[in-house]
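Enquirer: Starting from these lines, generate the structure:
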Amino acid sequence: MVKQDRDNLMQLLKFADSLTFIDKFLRMEVMTDITKKFEKYHNPTGVSEGYVPTNYKPKNNEPYKSTNQNKKFNNGEDTSNAYTIYTDGSCMGNPGPGGFGFIIINDKTNKISYYLEQFDKTTNNRMELQSVISALNSIPYLNKVTVYSDSEYCINGINQNWVTNWQKNGWKTSSGTLVKNRDLWEDLVNAINRHKWVSFKKVKAHNNDVYNEYADKLAKGTIPAQLMSCERVNLKNSKNTY
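Expert: Below is the predicted model of the structure:
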């Protein structure tokens, strides 16, 4: 083969390779565009109710999100509440036998559901925390939630930034001691971060607040007659260790 023929052949091969590259590139662009349109049509918000993306991972040690209900999102989205929950925990002996219960109110449909669970050995604070965690985790992903609790331990842990300070201090208190119930506090942070925002509000115990009284009875193992016709939450993977 003469040099001119060899050079011509090399140019033809390079041209063929470039066509192959362009063909692959165009195919990739078309498929990517089709995929994006499909996802946008079938899931315009990126996540449907009750669905957690497969790539979602709880962000351990991430501070909880803002609980300011009056804050408007950058896109002007309405921050009206989607769910209201009432939680309570109970324990006899502390530590001793106990339980927790919660009530969930869908503020858009007014549907009420409830849950209760009992334990052989636990503490009051663990039950208070677990009730909030379980309630938040049973609500569909990426919602706006208001939590009512009569537990200063839970409310102050969030609203007074105890959790944020503990995280910064390596889960130690200001006096240098290890934070009690760290596992549940971390679970609570993750449960909060599943949603758009979560607001915590203190309610006075045994002060004729109907739903707080119902939650109290649930925590003590009794289902109020008024809730008998309501749906019981199908809660999985609840924490049942001391």
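Enquirer: my guess is Trp166 meets Glu186, correct?
Expert: No. Look at Trp166 against Glu186 with CB atoms under 8 Å: they stay out of range, at 9.8 Å. (C-beta placed from N, C-alpha, C; glycine too.)
Enquirer: in which helix or strand would I find Val163?
Expert: helix 162-168 (DSSP states H and E).
Enquirer: Sorry, wrong one. I was asking about Lys121.
Expert: Going by DSSP H and E, Lys121 is in strand 112-122.
Enquirer: Show me what that strand pairs with in its sheet, parallel or antiparallel.
Expert: strand 96-106 (antiparallel), strand 231-232 (parallel) (DSSP bridges).
Enquirer: out of the ones you listed, which comes closest to Gln130?
Expert: strand 96-106 (5.1 Å; CB to CB).
Enquirer: still on that earlier bit, helices or strands up against the following helix or strand past the helix holding Val163?
Expert: Later in the chain than helix 162-168, the nearest helix or strand by DSSP H and E is helix 182-192. Applying 3 or more CB pairs under 8 Å, 6 or more residues apart in numbering; DSSP states H and E, we find helix 182-192 packed against helix 124-138, helix 152-159, helix 162-168.
Enquirer: how far off helix 152-159 does the very next helix or strand once past helix 182-192 point, in degrees?
Expert: Next helix or strand after helix 182-192 toward the C-terminus (DSSP H and E): strand 197-202. Here strand 197-202 runs at an angle of 140 degrees relative to helix 152-159 (axes from the mean of the first three to the mean of the last three CA atoms, to 10 degrees).
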